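> Quick one, structure for this:
(2 chains)
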Amino acid sequence: MSGSWANSALRLVGVHRPGRSWLHRLPAGAKVAGLVVAVAALLRTDSGYAAVAGLVLALAVLASAGVPCRWLAGPARAVGMMLLVVGAFQVWVLGWSAALVGVCQIGACLVLAWAVSLTTPVGQMLDLLRRLLAPIRLVGADPERVALTLAMAIRSVPLVVAAAEQADQARLARGQRRSVTALVVPTVVRSVRIADALGDALVARGVGEESVVADGKRVEDAGG
Amino acid sequence: MPGVRFEQVGLTYEERTVLADVTLDLTERRIGIVGANGSGKSSLVRMVNGLVRPTSGRVEVGGLDVDRHSRQVRRAVGFLFPDADHQIVMPTVREDLEFSLRGSGLPAAEVRSRVDGALTAYELAEHADHPCYLLSGGQKQLLALAAVLLTGPDIIVADEPTTLLDLRNVRSIAARLAGLPQQLILVTHHLEMLTGFDRVVVIEQGRVVADDAPAPAMERYVRLMG
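Reported below is the predicted structural model:
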């Protein structure tokens, strides 16, 4: 696992790039609604022409966001590699025609979702999520917490990737290149520690109403 | 200064005693806490905002029992962790600073203005929309400090905030901390950061073994470390 590969992959995950394009100016709700409609339409088609047209259109939408090419190049390569693998598998299983449709559908969906995340600040996404999830209050759930959990998941990706990279380097340094255990165990342990530390940080920053007691159990906050 | 009071505080994890009978009244503006790894100093300061609860005794901040008034206490206490990466919650620099003011009730324009002010003051303006993971270690700790200060705390607790930093960044963070108007409780292994402090507490095996002006306290600490 190389750092550049990891960085490229990370740029696909919820990183907003500021700008003044029409996509940047569009409200988050409109973008997400458009994405849902576009994905639904793409997945309904079984025509190769329509799927290719969908992918071209999705690429045009991404290009219109005005994000610098050098920022897009790395992640685009990562997506391209993934689509090649998926495409090869589909050619083997389903044949050329179905593989073309499948790859174009997946590619178009990814590109459109990427365009939305590149042009929408996480804060706007959280506000939208909170509004969309408001009905879950009826069953006692807290939309704010659900939205925050999703933001934390996005934020945690680079931390877990870094943990995996460190574990991979340590594995190589110890001559355990083929050991899956030497990669997975330290990555999982570090990830759990990161989650624990992030939990403490959230409490320290005033999120949640719980405290950590000495024996590690969480109890309700007595303050008010 | 609001002041922090530890009253006969003890902490045990299963069979292990982490802190034993610690009584301290911290009212000075600049207080350093030093001790060996595992001496209990981090557990002690984490009690200031209720991240760790004592198994015996009590902790008060500004006269409020941390156990019973944790929400108010956390509003008054800003906490800096050793690894800023674990303190940054949002994907980009600006979003993380804005997160500090979520739920503050401030109008959006005021939030933006305060965040812009913090970005400029902490030399993060050019990185405002960058992903946090691309910042250097020093920049991440500056972001963590700026995020803490945006909430307007009365007390800053900094738990080894320079552990992962190079000398230049240690000095930068030290200068920032030294200039804060708030009461500062600083846990550190970088003894030079305690120059000019009002008081230094030395913790060894869960007990306070020195509580004095910086020079004699640090001399005692250096002797203890052999």
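> List the buried residues for stretch A:45-54?
Using 16 or more other Cβ atoms under 10 Å in any protein chain shown as the test for burial, stretch A:45-54 gives A:50-52, A:54. Glycine gets a C-beta too; all of them are placed from N, C-alpha and C.
> can you check stretch A:74-88 too?
Under 16+ other Cβ under 10 Å, the buried positions of stretch A:74-88 are A:74-76, A:78-79, A:83, A:87.
> got the buried residues for stretch A:91-101?
Result for stretch A:91-101 [16+ other Cβ under 10 Å]: buried residues A:91, A:99-101.
> and what of stretch A:174-186?
Neighbour-count burial for stretch A:174-186 [16+ other Cβ under 10 Å]: A:182-183, A:186.
> quick check, nearest of these to residue A:160?
When the buried residues of stretch A:174-186 are compared for distance to residue A:160 (Cβ to Cβ), residue A:186 wins out at 11.8 Å.
> In which helix or strand does the closest one reside?
helix A:180-204 (DSSP states H and E).
> Report the distance from that helix to the chain centre.
Relative to its chain's centre, helix A:180-204 lies at 19 Å (Cα atoms, centre = their mean, to the nearest Å).
> Then stretch B:177-193?
Using Cα atoms, centre = their mean, the offset of stretch B:177-193 from its chain centre is 8 Å.
> Identify each buried residue in it, please.
Neighbour-count burial for stretch B:177-193 [16+ other Cβ under 10 Å]: B:177, B:180, B:182-188, B:190, B:193.
> Distance to chain B, pLDDT and secondary structure for the buried residues of stretch A:74-88 - can I get that in a markdown table?
Below are the buried residues of stretch A:74-88 laid out as a markdown table (distance: Cβ to the nearest Cβ, whole Å; pLDDT from 0 to 100; DSSP: H, G, I helix; E, B strand; the rest coil):
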| residue | distance to chain B | pLDDT | secondary structure |
| --- | --- | --- | --- |
| A:74 | 13 | 78 | helix |
| A:75 | 12 | 79 | helix |
| A:76 | 17 | 84 | helix |
| A:78 | 16 | 81 | helix |
| A:79 | 18 | 83 | helix |
| A:83 | 24 | 90 | helix |
| A:87 | 30 | 92 | helix |
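> Please, where are all the strands along chain A?
A:210-212, A:218-220 (DSSP state E).
> Near residue 166, how many other residues are there?
Using chain A here. Neighbours of residue A:166 under the rule other Cβ atoms under 10 Å in any protein chain shown: 13.
> The chain in question should be chain B.
12.
> could you measure it against residue A:125, distance?
35 Å (Cβ to Cβ, to the nearest Å).
> Also residue B:82?
Taken as Cβ to Cβ, the span from residue B:82 to residue A:125 is 30 Å.
> cool, and residue A:98?
Distance from residue A:98 to residue A:125, counting by Cβ to Cβ: 34 Å.
> and if you look at residue A:55?
Per Cβ to Cβ, residue A:55 is found 25 Å from residue A:125.
> Likewise for residue B:14?
On the measure of Cβ to Cβ, residue B:14 and residue A:125 end up 43 Å apart.
> Between the two, point out the one with more neighbours.
Higher neighbour count among residue B:14 and residue A:125: residue A:125, with 22 against 6, using other Cβ under 10 Å.
> Could you tell me the model confidence score at residue A:137?
Residue A:137 is assigned 88 on the pLDDT scale.
> try residue A:212
At residue A:212, the model reports a pLDDT of 41.
> same thing with residue A:219?
For residue A:219, pLDDT reads 35.
> What of residue A:61?
95.
> I figured it hits residue A:114, correct?
No - assessed by Cβ atoms under 8 Å, residue A:61 is found out of contact with residue A:114, at 9.8 Å.
> what about these two, which has more around it?
Taking neighbours as other Cβ under 10 Å, residue A:61 and residue A:114 compare with residue A:114 leading, 24 against 21.
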